[in-house]
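1. sequence plus the predicted model coming up.
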Amino acid sequence: MAKRKVLITHAVPVNNGDAALVTSLYDTLIQAGHEVTIATFYYDIVKAKYPQLPFIRELGDYYFLRKLPFLKTSFIKLNYWLNRQYRSHDVYIAAPGGYINSYYYLGHALAPLIEAHKDGKKTAIYAQSIGPLNDQDKVRFVNAAKAIDRLRVRDTFSKVVMQELPYPGDYLRTKDAAFLLPLQDNIQTSSKQVAVSVRQWGHDDRDMKTYLSLMAEMCNYLVKQGYEIVFLSTCQGVPGYKDDSETATEVQELLANEFGLSEQITVDNTYYTIDALMQRLQDFDLVLGTRLHMCILAWVNRVPALNISYEVKGKECYTYLGIPEYSIDFNQDTATALQTLGEFVTERAAIKTSTLATIETIHLEVLQDFQRFQDTLMD
């Protein structure tokens, strides 16, 4: 296979969930012998955090567009043709993740691919969750199909969404791109510490008050089992960006006010690079994670993780991991959640053994699937 100049587009690796996805894709492409660049939002922050990686500014990464968002799509299209550095690649792959839905404006993610296709370049979307899509976005996504040479969705829900659309292009199912990462070496000893990740979520008629109360109840249960709680997230520590430690502080206050807990509870609001976070996760006995990639990164580091699923991607991932019962709904009733948590804590050794074996298999599957994906894209 000939070496290609590849641009990973629409990256946001200021968030360590996205950093895991982007760097795993980047490393896999580099190992395949390609020359790879990453187009990122929050360029100044990201470049300072990861100076060793070849970042360029994403086409829409300009402050004035945050104030004038109605100009963004038109600006992206024009900027593609004016930006020689951005145009200099052979293949454009949209970063893995979960932004092809109506919670975000998917037109901004599709625009660089559409312009690259007009320019005679190969284009792809890799390991995305697709949907939910409103009627307008369904039309927008189907119309963009002719500009997308290859599409991989990362779960069954997304495949069902695709089957219900009159989508004329090529698409297949894979799994989350973070499973391109191999299992890490980690001699785990009991630390009696639990890492807990939380987040704000305002979609799907979710109720934050119910969620915060649920998290406080679960943390209280863990403290009663002799654990210390450390709030830690893939998304924290960067001024002007989403910071889950703010939500963690709300739960911390509930624990203090309703259960009298303070000494056993810590909020870690430090920013970690992806490598530093991977290392930090190995300090814990288990993870209670609302952020899906907090859970996946924990598992990759051989730390068992119970998921709190705020949208369908959490439940989908835990289904193919073979442990769907350990993905609790964001607004789950407290009694059911505490019963599930109790089972997870009690049976975590057996759960860990079986799930790690599944992850080993998934890792090989996604590597093989990616080989087929790149073979058809880069021929």
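-> Received it, and whenever you're ready, just let me know what you need. Keep in mind that what you see is a predicted model, and the values were worked out from it rather than measured. Numbers count the residues shown, from 1 in each chain.
2. what strand or helix carries the residue nearest to His89 when sequence neighbours are not counted?
-> In space, and not counting its chain neighbours, His89 is closest to Leu7: 4.1 Å by Cβ to Cβ, 6 or more residues apart in numbering. Any C-beta I mention is one placed from the backbone N, CA and C, and that applies to glycine too. In this assignment (DSSP states H and E), Leu7 forms part of strand 5-11.
3. then Val287 would be within a strand, right?
-> Yes. Counting by DSSP: H, G, I helix; E, B strand; the rest coil, Val287 is part of a strand.
4. check the spacing between it and Leu222 real quick.
-> 11 Å (Cβ to Cβ, to the nearest Å).
5. what touches both of those two?
-> Val194 (Cβ atoms under 8 Å, 6 or more residues apart in numbering).
6. circling back to that earlier point, can you list the neighbours in contact with the strand holding Leu7?
-> By Cβ under 8 Å, 6+ apart, strand 5-11 touches 18, 22, 25-26, 29, 34-41, 46, 55-56, 58, 86, 88-95, 99, 108-109, 112-113.
7. what are the buried residues along it?
-> Val6, Leu7, Ile8, Thr9, His10, Ala11 (16 or more other Cβ atoms under 10 Å).
8. name the nearest residue to the third one, ignoring sequence neighbours.
-> Closest residue to Ile8 apart from its sequence neighbours, by Cβ to Cβ, 6+ apart: Ile38 at 4.7 Å.
9. low-confidence stretches in this protein?
-> 1, 188-189 (pLDDT under 70).
10. so what does the longest strand along it touch, helix or strand wise?
-> Secondary structure of the chain per DSSP state E: the longest strand is strand 122-130. Packing partners of strand 122-130 (3 or more Cβ pairs under 8 Å, 6 or more residues apart in numbering; DSSP states H and E): helix 16-31, strand 91-94, strand 97-100, helix 106-118, strand 150-153, helix 156-163, helix 312-320, helix 348-377.
11. alpha carbons of the third one, in PDB - could you do that?
-> Provided in PDB are the C-alpha atoms of strand 97-100 (Å, rounded to 0.1, in the frame of the first residue of the first chain):
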ATOM      1  CA  GLY A  97     -16.400  10.000  18.500                       C
ATOM      2  CA  GLY A  98     -20.100  10.800  18.900                       C
ATOM      3  CA  TYR A  99     -20.800  14.100  17.200                       C
ATOM      4  CA  ILE A 100     -22.900  13.000  14.200                       C
END
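12. now for it, which elements pack on it?
-> helix 16-31, helix 106-118, strand 122-130.
13. buried stuff in stretch 199-219?
-> Arg199, Gln200, Trp201, Tyr211, Leu212, Ser213, Leu214, Met215, Ala216, Glu217, Met218, Cys219.
14. the second one should be in a strand, yeah?
-> No. Secondary structure assignment (three-state DSSP) places Gln200 in coil, not in a strand.
15. count of residues packed around the closest residue to Tyr99 other than its chain neighbours?
-> Excluding the flanking residues, the one nearest Tyr99 by Cβ to Cβ, 6+ apart is Ala109, at 5.7 Å. Residues lying near Ala109 (other Cβ atoms under 10 Å) number 22.
16. got the contact list for Ala109?
-> Ala109 touches Thr9, His10, Ala94, Tyr99, Ile100, counting by Cβ under 8 Å, 6+ apart.
17. try it again with 7 Å
-> His10, Ala94, Tyr99, Ile100 (Cβ atoms under 7 Å, 6 or more residues apart in numbering).
18. if any of these are buried, give me the PyMOL selection for them.
-> Only the buried entries of the contacts of Ala109 go into this PyMOL selection, using 16+ other Cβ under 10 Å:
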select buried, resi 10+94+99+100
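19. what sits against Thr361?
-> Per Cβ under 7 Å, 6+ apart, neighbours of Thr361: none.
20. from Ser354, how far out is it?
-> 11 Å.
21. so Asp137 makes contact with Gly107?
-> No. Here Asp137 does not reach Gly107: they are 8.3 Å apart, not a contact under Cβ atoms under 7 Å.
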